[in-house]
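Participant: model the following, please.
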Amino acid sequence: QVQLAESGGGMVQAGGSLRLSCVASGDIFRINTMGWYRQFPGKQRELVATIANSGSTNYADSVKGRFTISWDKDKEAVYLQMDGLLPEDTAVYFCNGAVEILLRWVGRGPTYNYWGQGTQVTVSS
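Facilitator: This is a model prediction of the structure:
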């Protein structure tokens with residue numbers, strides 16, 4: 001089993017900053033990709049930013065230049081620095097990880113997609 005634990009959500013005024021953290025734990029052989037997604041009320045979850053094991057990043061157009069994703073591989077943690085927040089950034093943010101699980105006696109196992117429990121970000125105007 002793999003768990004993703006998020007923290008750092010909250011309420012901030014427009015133009016402010018927040019930093020989201022997500023720490024992975026459990027039977028991890030290797031993490032291939034980590035990312036952040038968000039979900040607006042009544043909408044499907046959408047991509048915010050991803051970072052691959054190679055270090056390459058991908059951002060939604062709506063957050064480019066304002067949000068920065070980073071990955072501390074030693075801590076198996078991914079961060080989302082959110083600057084210049086706008087009221088339209090208000091959503092529940094979810095951490096995601098594509099993880100090769102660790103199997104006892106075998107080592108490298110298949111890759112599964114895992115999600116955190118979500119953290120609320122509210123930006124007031």
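Participant: on the three-state scheme, the residue of the chain most remote from its centre is what?
Facilitator: Most distant residue from the mean C-alpha position of the chain: residue 105, 30.5 Å away (Cα atoms, centre = their mean). Of the three states, residue 105 takes coil according to DSSP: H, G, I helix; E, B strand; the rest coil.
Participant: pretty sure residue 22 sits against residue 2.
Facilitator: No. Using Cβ atoms under 8 Å, residue 22 makes no contact with residue 2, being 11.8 Å away. In this view, the C-beta of every residue, glycine as well, is placed from N, C-alpha and C.
Participant: higher neighbour count, those two?
Facilitator: residue 22 (25 against 18; other Cβ atoms under 10 Å).
Participant: give me the phi and psi for the more buried one.
Facilitator: Dihedral pair for residue 22: phi -140, psi 120, per degrees, to the nearest 10.
Participant: now residue 63
Facilitator: phi -120, psi 0.
Participant: residues contacting it?
Facilitator: 48, 49, 82, 89 (Cβ atoms under 8 Å, 6 or more residues apart in numbering).
Participant: now, which of those sits nearest residue 32?
Facilitator: residue 49 (15.6 Å; Cβ to Cβ).
Participant: against residue 107, how distant is that closest one?
Facilitator: 30 Å (Cβ to Cβ, to the nearest Å).
Participant: who has more neighbours, the two?
Facilitator: residue 49 (23 against 9).
Participant: tell me which helix or strand the more buried one sits in.
Facilitator: Per DSSP states H and E, residue 49 falls inside strand 46-52.
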